[in-house]
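**Q** Structure of the sequence below:
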Amino acid sequence: MDLILWRHAQAQDAPPGCDDASRALTHKGEGQAARIAAWLDRQLPESTRVLVSPARRAEQTAKALGRKYKLRDELVPDSSAEELLALLKWSPETAAPHKGAVLLVGHQPMLGQLAARLLGTAESVCDIRKGAVWWLRSRYRDGQLHVALVAVVSPDLI
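**A** Below you'll find the predicted structure:
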C-alpha cells in the first residue's frame, strides 16, 4: 500500500472569535496547493482514494488536485495517529488490509505522528511542512512488514 500524507497549504490566521476549521488558504497557500497538486496528479494512480479533513484549508488544498475526495472527521486538526490507523484499518501485524494508494490531506502534528509511527522514528523527525507531501510505501518482504519513505516533496522545491 502507498500512503501519501499531504499537509494543507499555508492558511490565514484565525481572526478573534473565528472557528479554526473555517480558516482559508492564503494566496501563497493556493500556489503551494496548485504546485503540489500538479506533481501529485502526475504520480498518483487513478484509483487513489483521497480522504480529507473537513477543515476549510484542507479541503481547499485537496480541491487543487481536481479528483474526487471524501471528507473524514478522523482527519480534523485534533485527531491522533491512532485514529488515522483505525481509519486505514492498519495494524502492526497486517499493515493496511488493502493494496493501492491512499492520500490523506490533513494537519500537523497528526500527519507527522503517523509518519513517525509507521517509520519507527521519533516524532520530532517527522515535521511535515505546510503544503508538503510525504509518500510512504508498505510491503511484506521475507515475512516482515517494511515501511519505506519513497518521497518528500515541498512546494518550495517545485
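**Q** Provide a list of residue ranges in this structure with pLDDT below threshold.
**A** Applying pLDDT under 70 to the chain picks out residues 92-98.
**Q** the strands in it, which residues?
**A** For the chain, applying DSSP state E gives strands covering 2-7, 49-52, 70-71, 101-106, 133-141, 144-153.
**Q** Buried residues, the last one. List them.
**A** For strand 144-153, the neighbour count (16 or more other CB atoms under 10 Å) marks 147, 153 as buried. Just so you know, the C-beta spots here come from the backbone N, C-alpha and C atoms, and that holds for glycine as well.
**Q** What helices and strands are in contact with it?
**A** Contacts defined by 3 or more CB pairs under 8 Å, 6 or more residues apart in numbering; DSSP states H and E place strand 144-153 against helix 110-119, strand 133-141.
**Q** Nearest to residue 67, out of these?
**A** Judged by CB to CB, the one of these that comes nearest to residue 67 is strand 133-141, at 14.3 Å.
**Q** Now do the closest one: everything it contacts.
**A** For strand 133-141, the external contacting residues (CB atoms under 8 Å, 6 or more residues apart in numbering) are 1-7, 36, 39-40, 43, 95-96, 111, 115, 118-119, 126, 128, 145-153.
**Q** No more questions from me, cheers.
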